[in-house]
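In: missing the sequence, but the structure's below:
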């Protein structure tokens, strides 16, 4: 292993090539081993208008890398006995309870919310500051979107709603705002500087977010516990060191005991992702292996954001990579960094197959906050699905899969009008995620996923649906 001045020269070349090929204004990297930062470097501009350069201390929007930070905050309250991971999340939401068409709301525990198995659906929604629509209150958010569409514990479905619920629970139990709790209980004790949950205005020294070469208007969301933190690569890798070792240089007091840190990694649930990464999810962390090495961490992606933090515990390595534009290719940079430090190996890959089930016609309704819309779904064979929603038919739903292990059907790319004002703010397509309950019943969620625009993403809003086999 070499960590001298030229050890990462290949990574530097790769980063510059990636920025050029993907039109990424900037990338910041920090790498740590054995509790110390061994390399940090930044490339490009934080703001193309002013040509402001980035540095390892430049704050970036983290998107979903916020989730392990929220989980860390949650575990401080678990340690104090103020939150029980195995009690229903409803116990910490006051009078604002989850809706559960399939009952079993008491099985939607805090632990299941944190590991995305509580039965909550996919969701994201951005509120841009150039549009006069503001995020709902947390109480209204729970009322509109706090919906269990599957039986808790049944399947992993990555849901920002769950981390909005954890944020709300933290506030109610601690008596502090989410931002104040993170600052007081996590950031200040760990001496993580330059960190701020999202506020109503763009952080002046943060990297500006870009989408397809256009500056993204600043945005907020109701699921801040899922997506809101800003942090520099320097501070993010220090957060990773803390989770590797239970302590980071300069830390003034204990934040979590080792057993609490291990709880976040213990009893992971399968995400259903195929090989090679063998992905599982703990409490705020994705767990698995790469290059034959155990690792845990998280990625983040939203308009103008690509972020990742991954730790290799046996090698005591932490890697933070941040960009101010979307790209799926930061993993290539991580791979090159690992290759610069360790002897990498190739791992297996897999390719799940559609088993050819579910043939026939299914009819029912999607229920939104505003109305009920009829749905017909005809499955003709592997990947061959026709869907009619409110008299609109889309017969080329080619993105259709059935997981025989979990009995979930996923169909995306459907055109149709579900009669919901929230969804209708932008043109959208429909994504179905339905459980085969018995030979005659499919139920779960229909998600209205709005199309990306020139300088921003839209939203993903999920609603309950149930279909019966038509005889």
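Out: Cool, the structure landed. Just so it is clear, the model here is predicted, and its values are computed rather than measured. Numbers count the residues shown, from 1 in each chain.

In: low pLDDT regions in the stretch 151-300 of the chain?
Out: Judged against pLDDT under 70, the low-scoring parts of the stretch 151-300 of the chain cover residues 198-202, 273-278.

In: hey, where'd the strands end up in it?
Out: Secondary structure of the stretch 151-300 of the chain (DSSP state E, counting those that start in this stretch): strands located at 196-197, 210-211, 214-215, 219-220, 229-232, 269-270, 280-281, 286-290, 293-302.

In: show me how far the first one is from its chain's centre.
Out: This means strand 196-197. Strand 196-197 sits 17 Å away from the centroid of its parent chain (C-alpha atoms, centre = their mean, to the nearest Å).

In: per-domain residue ranges of this structure.
Out: The record, using automatic domain parsing to delimit domains, assigns the chain the ranges 1-349, 360-469.

In: save these as TSV, and put in mean neighbour count too.
Out: For the C-beta atoms, the positions are set from N, CA and C on the backbone; glycine is no exception. What follows is the domains of the chain, written out as TSV (neighbours: other C-beta atoms under 10 Å):
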stretch	mean neighbour count
domain 1-349	19
domain 360-469	18
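
In: ok, back up a step: nearest to residue 468, out of the strands of the stretch 151-300 of the chain?
Out: Of all the strands of the stretch 151-300 of the chain, it is strand 269-270 that lies closest to residue 468, at 29.3 Å by C-beta to C-beta.

In: what is the closest one packed up against?
Out: strand 280-281 (3 or more C-beta pairs under 8 Å, 6 or more residues apart in numbering; DSSP states H and E).

In: which strands and helices sit next to the strand it packs on?
Out: On a contact count with 3+ C-beta pairs under 8 Å, 6+ apart, strand 280-281 meets strand 269-270, strand 286-290.

In: surely residue 413 touches residue 447?
Out: No. At 11.8 Å, residue 413 and residue 447 do not qualify as touching, with contact defined as C-beta atoms under 8 Å.

In: where do the contact lists of these two overlap?
Out: Counting by C-beta atoms under 8 Å, 6 or more residues apart in numbering, the contacts common to residue 413 and residue 447 are residue 431.

In: report pLDDT for residue 435.
Out: Residue 435 carries a pLDDT score of 91 in this model.

In: tell me which element it is part of?
Out: Secondary-structure assignment from DSSP states H and E places residue 435 in strand 428-438.

In: hmm, who's touching that strand?
Out: Identification of contacts with strand 428-438 by C-beta under 8 Å, 6+ apart yields 121-122, 149-150, 154-155, 157, 357-358, 377, 387, 389, 406-416, 418, 442-451, 458, 460, 465, 467.

In: try 7 Å
Out: The list of residues contacting strand 428-438 from outside it, by C-beta atoms under 7 Å, 6 or more residues apart in numbering, reads 150, 157, 358, 389, 407-416, 442-451, 458.

In: parallel or antiparallel, which strands does it pair with?
Out: With DSSP bridges as the criterion, the sheet partners recorded for strand 428-438 are strand 408-414 (antiparallel), strand 441-450 (antiparallel).

In: for residue 423, find the nearest of the ones you listed.
Out: The minimum distance between residue 423 and the strands paired with strand 428-438 falls on strand 441-450, with 3.7 Å, by C-beta to C-beta.

In: mean confidence score for the closest one?
Out: Confidence over strand 441-450 (mean pLDDT, whole number) is 92.

In: tell me the helix or strand right after it.
Out: Scanning forward in sequence from strand 441-450 by DSSP H and E, the next helix or strand is strand 459-469.

In: orientation of that next one relative to strand 408-414 in degrees?
Out: Relative orientation of strand 459-469 with respect to strand 408-414: 120 degrees, computed using axes from the mean of the first three to the mean of the last three C-alpha atoms, to 10 degrees.

In: centroid residue for the protein?
Out: For the chain, the residue sitting closest to the mean C-alpha position, by C-alpha atoms, centre = their mean, is residue 64 at 4.2 Å.

In: what pLDDT is listed against it?
Out: Per-residue confidence for residue 64 comes out at a pLDDT of 97.

In: SS state for it?
Out: Here residue 64 is recorded as helix under DSSP: H, G, I helix; E, B strand; the rest coil.

In: next: the one 3 residues further on.
Out: Secondary structure, three-state DSSP: residue 67 is helix.

In: isn't it up against residue 284?
Out: Yes. The pair residue 67 / residue 284 is scored as a contact, 4.9 Å apart, by C-beta atoms under 7 Å.

In: before we move on, the earlier item: and the strands paired with strand 428-438 as TSV, adding distance to residue 255?
Out: Formatted as TSV, the entries for the strands paired with strand 428-438 read as follows, by distance: least, C-beta to C-beta, whole Å:
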stretch	distance to residue 255
strand 408-414	37
strand 441-450	36
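
In: picking that back up, wait, what's in contact with the residue nearest to the centre of the chain?
Out: Neighbours of residue 64 in contact, by C-beta under 7 Å, 6+ apart: 226-227, 298-300.

In: could you dump the residues you listed to CSV with distance to residue 237?
Out: Below are the contacts of residue 64 laid out as CSV (distance: C-beta to C-beta, whole Å):
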residue, distance to residue 237
226, 21
227, 20
298, 13
299, 15
300, 15
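
In: wait, which of these is closest to residue 212?
Out: In terms of C-beta to C-beta, no member of the contacts of residue 64 lies closer to residue 212 than residue 300, at 18.5 Å.

In: how much space is there between the closest one and residue 95?
Out: From residue 300 across to residue 95, the span is 32 Å (C-beta to C-beta, to the nearest Å).

In: residue 209 now?
Out: On the measure of C-beta to C-beta, residue 209 and residue 95 end up 36 Å apart.

In: hmm, back to that, closest to residue 48 out of the strands paired with strand 428-438?
Out: strand 441-450 (26.2 Å).

In: might you report the residue contacts of the residue nearest to residue 66 when sequence neighbours are not counted?
Out: Counting by C-beta to C-beta, 6 or more residues apart in numbering, residue 66 lies nearest to residue 229, which is 4.4 Å off, once chain neighbours are set aside. The neighbourhood of residue 229, defined by C-beta under 7 Å, 6+ apart, consists of 62, 66, 69, 195, 197.

In: specify the beta-bridge partners of residue 229.
Out: Under DSSP bridges, the beta-bridge partners of residue 229 are residue 197.

In: any idea how far it is from residue 147?
Out: As defined by C-beta to C-beta, residue 229 lies at a distance of 26 Å from residue 147.

In: same question for residue 66.
Out: To residue 147, residue 66 is 22 Å away according to C-beta to C-beta.

In: could you do residue 328 as well?
Out: Residue 328 sits at a distance of 29 Å from residue 147 (criterion: C-beta to C-beta).

In: for stretch 64-77, what is the distance to the chain centroid?
Out: Centre-to-centre, stretch 64-77 and its host chain are 13 Å apart (C-alpha atoms, centre = their mean).

In: and the contacts of residue 229 as a markdown table, adding distance to residue 10?
Out: As requested, the contacts of residue 229 are exported to a markdown table (distance: C-beta to C-beta, whole Å):
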| residue | distance to residue 10 |
| --- | --- |
| 62 | 26 |
| 66 | 31 |
| 69 | 31 |
| 195 | 31 |
| 197 | 36 |
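
In: name the residues that touch stretch 124-135?
Out: 160, 217-222, 303, 456-457, 459-461.
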